[in-house]
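*Asks:* Let me see the structure of the following:
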Amino acid sequence: MVVVMKFGGSSVADGKRIQAAAKLVKAEKGPKVVVVSAMGGVTDKLIKIATSVIDLPNTVVEREVSRFCRELTMQQRKAVIGAVTNKKERGEVLSQSLELIEKLRVALLGVGYLEDLSPKSLDYIQSFGERLNVLVMSGALNSISVKSASLTGFEAGIVTDSSFGRAHPLHSKSRKQVNSILGSHVKNKITPVVTGFIAADEKARITTLGRGGSDYTASLLGNYLKAKEVQIWTDVDGILTTDPKLVSEAKLIPTLSYVEAMDLAYFGAKVIHSKMIEPAMTGRIPVRVKNTFNPSCEGTLIVSRQKKVSGVIKAVAVIKNVVIVNLEGVGMAETPNIAGRVFSCLGEANINILMISGSSESNLSFVISESDVERALDALGMVFTNNFLKSISVLEEVNVLTVVGAGMRGTKGIASKVFATVAEADVNVMMIAQGSSEVNISFVIESDDVEKAVKSLHGEFIG
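*Replies:* Below you'll find the predicted structure:
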């Protein structure tokens with residue numbers, strides 16, 4: 001059985017770190033599949049240059065694109081020299097890197113001259129971060145006598161639909177192809193190094209898997225290959241009981257269930273992304289979160305069983321940079337399917353709703369990211385008239401707090417104890433929601449109260 005090892009941007013941020021990650025791969029016994037993110041910050045730079053060239057005069061586009069590609073070439077060359085110790089291998093990786101960067105240059109020029117950046121073009125441009133980095137990781141592994149091959153997600157067998165920017169895998173076809181392609185590599189004792197985040201549709205057009213795409217790639221491959229374990233290598237020891245910036249006594253959580261991990265990821269824990277849990281959960285593949293810079297730490301193991309703890313609650317998570325949107329109007333009570341219409345309207349605008357609360361038939365409140373506010377108001381304004389809504393208001397400077405723990409299920413009085421603890425800390429609760437899994441309770445408070453609320457909950461339930 002293979003182990004899937006995924007390394008995030010901070011773990012492969014430069015040549016020295018890529019070399020260290022390669023040594024971790026070599027130390028792992030048995031067959032491996034490696035998934036690699038782009039170097040930290042590269043994807044953001046690619047998005048920035050792609051979105052900026054469409055607004056530049058044609059006379060400036062070539063200069064800016066050339067400047068960007070020179071800087072990227074210098075960064076790539078430095079990483080290759082730092083990570084790939086074998087001179088022959090180094091030369092091959094540098095040559096392949098230059099070929100890729102030239103393709104990127106042509107794509108950026110095309111976007112700039114046409115003054116048009118489609119989702120398909122943006123996916124193609126974003127893909128170069130991972131495509132360049134798998135070359136370096138594969139070269140680093142070959143340099144330390146670990147025979148490897150670099151592959152895009154599509155070359156590894158992952159096929160998606162054509163929803164550029166947030167593509168969905170075609171599982172049946174992908175499973176068959178991944179087992180054929182990667183299975184052959186592993187059988188021949190070759191370690192595949194696969195791009196996270198990047199795949200392609202059935203016409204071989206590059207697609208991306210959306211936020212958390214590299215973790216998702218690792219989880220998908222683990223599911224398809226029936227892996228022994230999926231390892232998420234990052235820059236922290238694992239998943240902690242809360243944000244250590246808020247509570248210095250935050251502890252490592254040794255074991256979480258899939259449901260607990262999904263809730264924590266969704267409600268603010270940034271170590272993993274919530275959507276990567278589903279493929280692991282359906283395949284019952286253990287996921288281990290480990291620290292690239294402290295590999296001796298066992299990390300956090302995510303499995304199917306829900307282990308209860310004496311304090312009932314395992315962790316307190318925080319979502320920042322959110323707002324409450326309040327809809328009010330007598331006409332709401334007289335309109336069938338009002339919630340459905342509101343949420344369909346927001347869904348079509350690609351706006352994610354984090355929490356929902358309806359205090360009466362004439363009032364509906366929900367939480368969204370503050371970056372989505374303007375688009376949400378525009379979308380709602382286009383669909384609903386003033387006769388229907390009395391007002392749409394936005395409440396800023398709020399955070400969502402979530403307490404998570406398998407022991408909450410079936411435990412009487414836990415909600416009252418949570419809110420009594422918060423009240424004793426002199427914190428006002430503005431909205432409340434409890435998930436159907438019964439392993440989380442979420443509520444909204446003012447941003448200024450977050451630290452004392454988290455400290456009081458952590459001290460009461462976790463210690």
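*Asks:* pLDDT score for Gly212?
*Replies:* Per-residue pLDDT puts Gly212 at 81.
*Asks:* next one: the one 4 residues further on
*Replies:* Note for Tyr216: predicted pLDDT of 96.
*Asks:* For burial, what's the neighbour tally of the closest residue to it other than its chain neighbours?
*Replies:* Excluding the flanking residues, the one nearest Tyr216 by CB to CB, 6 or more residues apart in numbering is Met276, at 4.7 Å. Where you see a C-beta, it was placed from the backbone N, CA and C, and this is true even at glycine. Burial of Met276 is recorded as 28 neighbouring residues (other CB atoms under 10 Å).
*Asks:* Do a quick rundown of the helices in this protein.
*Replies:* 15-27, 42-53, 58-83, 87-114, 119-143, 171-187, 213-225, 258-266, 277-283, 330-333, 338-348, 373-383, 414-424, 450-461 (DSSP state H).
*Asks:* Name all residues that make contact with the nearest residue to Thr207 once chain neighbours are set aside.
*Replies:* Leaving out its chain neighbours, the residue that sits closest to Thr207 by CB to CB, 6+ apart is Ala167, at 3.7 Å. Residues counted as contacts of Ala167 (CB atoms under 8 Å, 6 or more residues apart in numbering) are Asp123, Thr160, Asp161, Ala199, Asp201, Thr207, Thr208, Leu209, Gly210.
*Asks:* how near is Ala167 to Val106?
*Replies:* Per CB to CB, to the nearest Å, Ala167 is found 23 Å from Val106.
*Asks:* okay but Ala79 is in contact with Ala21, surely?
*Replies:* No. Taking contacts as CB atoms under 8 Å, Ala79 lies outside contact range of Ala21: 11.9 Å.
*Asks:* of those two, who's got more company?
*Replies:* For Ala79 versus Ala21, the count of surrounding residues by other CB under 10 Å is larger for Ala79: 28 against 24.
*Asks:* measure that one to Pro192 for me?
*Replies:* Counting by CB to CB - Ala79 and Pro192 are separated by 20 Å.
*Asks:* wait, Phe154 sits on Ala204?
*Replies:* Yes. The pair Phe154 / Ala204 is scored as a contact, 6.7 Å apart, by CB under 8 Å.
*Asks:* So which of these two has more stuff around it?
*Replies:* Ranked by neighbour count (other CB under 10 Å), Phe154 and Ala204 place Phe154 first, with 22 against 9.
*Asks:* Return the residues in contact with the residue lying closest to that one once chain neighbours are set aside.
*Replies:* With sequence-adjacent residues excluded and distances taken as CB to CB, 6+ apart, Phe154 is closest to Ala200, at 3.5 Å. For Ala200, the contact set (CB under 8 Å, 6+ apart) comprises Thr152, Gly153, Phe154, Ile158, Val159, Thr160, Ile206, Thr207.
*Asks:* tell me the domain boundaries of the chain?
*Replies:* Domain assignment for the chain by automatic domain parsing gives 3-235, 315-461.
*Asks:* I'd like to know how far the most centrally placed residue in the chain sits from Gly8.
*Replies:* Nearest to the centroid of the C-alpha atoms of the chain, with distances taken as CA atoms, centre = their mean, sits Gly212, at 2.1 Å. Applying CB to CB, the value for Gly212 to Gly8 is 10 Å.
*Asks:* and if you look at Gly347?
*Replies:* Taking CB to CB, one finds Gly347 at 29 Å from Gly8.
*Asks:* So for the two, which sits in the more crowded spot?
*Replies:* The neighbour count for Gly347 versus Gly8, taken as other CB under 10 Å, is higher for Gly8 (24 against 12).
*Asks:* That one contacts Val236, doesn't it?
*Replies:* No. With contact defined as CB under 8 Å, Gly8 does not count as touching Val236 (10.4 Å).
*Asks:* show me what contacts the residue nearest to Tyr216?
*Replies:* Gly212, Asp215, Tyr216, Ala218, Ser219, Ile232, Ala265, Val287.
*Asks:* Could you dump those residues into CSV and include distance to Met430?
*Replies:* Output for the contacts of Met276, formatted as CSV (distance: CB to CB, whole Å):
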residue, distance to Met430
Gly212, 28
Asp215, 32
Tyr216, 33
Ala218, 37
Ser219, 35
Ile232, 34
Ala265, 23
Val287, 34
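*Asks:* which of those are buried?
*Replies:* Among those, those buried by neighbour count (16 or more other CB atoms under 10 Å) are Gly212, Asp215, Tyr216, Ala218, Ser219, Ile232, Ala265, Val287.
*Asks:* ok, which pair from these is furthest apart?
*Replies:* Largest separation among the buried ones among the contacts of Met276 by CB to CB: Ala218 and Ala265, giving 14.1 Å.
*Asks:* quick revisit: tell me which of the domains of the chain lies nearest to Asn291.
*Replies:* Short answer: domain 3-235, nearest of those by CB to CB, at 6.7 Å.
*Asks:* Next, the contact list for Val322, please.
*Replies:* Per CB under 8 Å, 6+ apart, neighbours of Val322: Leu354, Val367, Ile368, Ser369, Glu370, Val398, Asn399, Val400, Val444.
*Asks:* need these in CSV with neighbour count and pLDDT, can you?
*Replies:* Shown next, in CSV, are those (neighbours: other CB atoms under 10 Å; pLDDT from 0 to 100):
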residue, neighbour count, pLDDT
Leu354, 18, 89
Val367, 24, 93
Ile368, 20, 93
Ser369, 16, 93
Glu370, 14, 93
Val398, 22, 95
Asn399, 21, 95
Val400, 22, 94
Val444, 24, 95
